[in-house]
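In: output the structure for:
(one chain, ligands or ions: 1)
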Amino acid sequence: METINTCSICKNDIDIQTNPKTGIEIWAEGHNAEPVNSGRCCSDCNLSVVIPARLSLAGKKLKNTNITIEEDDSEAWEAQLMLEKQRTAIPNATFKTHNDTNIEVNGTCLQGHVNAYYPDLFEKFGAPKTHGDGYKTDAEWDLEFEDGTVGTIYNWKNGFNYCGTAGTSVEYITEWNVGGRTTKIVDKIRTVLSKELRK
Ligand SMILES: [Zn+2]
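Out: The predicted structure follows:
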C-alpha cells in the first residue's frame, strides 16, 4: 500500500489511481496542481479546478498575442491545443451545453448508451458537471439541441462516488449512459460524437 498524500487544493486524501483492468494500484501522487499551486492534487480537483484554470489561462494567452507561451511550458501548450480543439470541434454548433446555459434536464431518464473516451467528451462538450449527483454519477454533461431536444451523458454506479476506491476513474470510463425524454437523443449524440474534430 502506498502512502496517502494530501490534496493541496481541497486538503482531502489524494485518490489512488488503479489500473482499470487489473485493479492494481498504480499511482498515489495525484495530479500536478499548476497553475493553481505548485503541489499535487486529487482527481476531483484536477477536473473541477486545475483543468479549467489551465484552459482559462491558455485562453488569456491566446487573446493577448503579446504574451507568448514559453517553449518548454508543455502544460500551457497542451491547454492551448485543447482550447483550440474545443473552439473548432463543432463548426456550426447545433447544441448548447451546461457550460453555455442552464439546461432543464428534469424528467429525463435513461434512453441508451454511447461509447466514448472521456477526453473526447471533454473536447466536444467542455468540462463536465464534475461531481454529477455525488452518488451514482461522477461526471455529467447536459446538452440542448437547436430543436429543443434535451439530453444528458453520464457515468452510472461505476465511478469513485458510488464504488469508492474500487471505482473507475472517469478518464478510463468508455461506456456512458444517455438520458433524455425520447430515444432519438441517443442517435443525436452519436452523430455529434462521430464527427471528426476539424483540424
Ligand atoms: Zn482535491
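In: tell me the mean pLDDT over stretch 96-112?
Out: Mean per-residue pLDDT for stretch 96-112: 92.
In: what do you get for stretch 182-199?
Out: For stretch 182-199, the mean confidence score works out to 78.
In: give the buried residues for it.
Out: Of the residues in stretch 182-199, 185, 186, 188, 189, 192, 193 count as buried by neighbour count, 16 or more other C-beta atoms under 10 Å. Just so you know, the C-beta spots here come from the backbone N, C-alpha and C atoms, and that holds for glycine as well.
In: run the chain-centre distance for it.
Out: With C-alpha atoms, centre = their mean, to the nearest Å as the basis, stretch 182-199 stands 17 Å off its chain's centre.
In: same question, stretch 119-139
Out: With C-alpha atoms, centre = their mean as the basis, stretch 119-139 stands 5 Å off its chain's centre.
In: okay, that stretch in PDB with CA atoms only?
Out: Output in PDB follows, covering the C-alpha atoms of stretch 119-139 (Å, rounded to 0.1, in the frame of the first residue of the first chain):
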ATOM      1  CA  PRO A 119     -11.000  13.300 -23.300                       C
ATOM      2  CA  ASP A 120     -13.200  13.200 -26.400                       C
ATOM      3  CA  LEU A 121     -16.300  14.100 -24.400                       C
ATOM      4  CA  PHE A 122     -14.300  16.900 -22.800                       C
ATOM      5  CA  GLU A 123     -13.200  18.200 -26.200                       C
ATOM      6  CA  LYS A 124     -16.700  18.100 -27.600                       C
ATOM      7  CA  PHE A 125     -18.800  19.400 -24.700                       C
ATOM      8  CA  GLY A 126     -16.300  21.100 -22.400                       C
ATOM      9  CA  ALA A 127     -15.900  20.400 -18.700                       C
ATOM     10  CA  PRO A 128     -18.500  18.000 -17.200                       C
ATOM     11  CA  LYS A 129     -20.600  18.900 -14.200                       C
ATOM     12  CA  THR A 130     -17.800  17.300 -12.300                       C
ATOM     13  CA  HIS A 131     -19.500  15.900  -9.300                       C
ATOM     14  CA  GLY A 132     -22.600  14.600 -11.000                       C
ATOM     15  CA  ASP A 133     -25.100  13.800  -8.300                       C
ATOM     16  CA  GLY A 134     -22.300  13.000  -6.000                       C
ATOM     17  CA  TYR A 135     -23.600   9.500  -5.500                       C
ATOM     18  CA  LYS A 136     -24.300   7.300  -8.600                       C
ATOM     19  CA  THR A 137     -22.700   9.600 -11.100                       C
ATOM     20  CA  ASP A 138     -19.200  11.300 -11.200                       C
ATOM     21  CA  ALA A 139     -19.300  13.200 -14.500                       C
END
